[in-house]
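[1] just coords:
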């Protein structure tokens with residue numbers, strides 16, 4: 001009988017944690033209808049699609 005209660009509690013905890021993280025993940029999703037930077041803003045005027053810099057690097061270590 002105790003094993004069934006432990007399994008039930010473990011399953012309940014797993015479901016609650018999964019639902020909690022799932023809800024947080026859906027809230028953090030980006031809005032799909034965003035247009036990017038504000039059109040006509042001073043910051044957007046600094047961006048020129050024809051200008052870019054190429055960067056090459058090696059990853060030495062990841063902590």
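    Sure, I can see it. Values in this document were obtained by computation on a predicted structure and should not be read as measured data. Residues are numbered from 1 along each chain as shown.
[2] any idea how far residue 44 lies from residue 62?
    Distance of residue 44 to residue 62, given as CB to CB, to the nearest Å: 34 Å. For the C-beta atoms, the positions are set from N, CA and C on the backbone; glycine is no exception.
[3] what segments of the protein are helices?
    2-27, 42-45 (DSSP state H).
[4] what is the burial count for residue 58?
    Residue 58 is flanked by 4 other residues according to other CB atoms under 10 Å.
[5] hmm, I was thinking of residue 60
    5.
[6] on that earlier part again, more crowded one of residue 44 and residue 62?
    Taking other CB under 10 Å, residue 44 and residue 62 do not tie; residue 44 has more neighbours (11 against 4).
[7] where does that one land on pLDDT?
    At residue 44 the predicted local distance difference test score is 78.
[8] just residue 60 next, same as before
    Confidence at residue 60, expressed as pLDDT, is 94.
[9] what's the spacing between it and residue 53?
    When CB to CB is applied, the distance between residue 60 and residue 53 equals 21 Å.
[10] out of the helices of the chain, which gets the lowest mean score?
    helix 42-45 (a mean of 79).
[11] remind me what that one packs against, helices and strands.
    Counting contacts by 3 or more CB pairs under 8 Å, 6 or more residues apart in numbering; DSSP states H and E, helix 42-45 packs against no other helix or strand.
[12] burial count for residue 51?
    6.
[13] no no, residue 12
    Neighbours of residue 12 using other CB under 10 Å come to 10.
[14] over to residue 1?
    When neighbours are counted by other CB under 10 Å, residue 1 registers 5.
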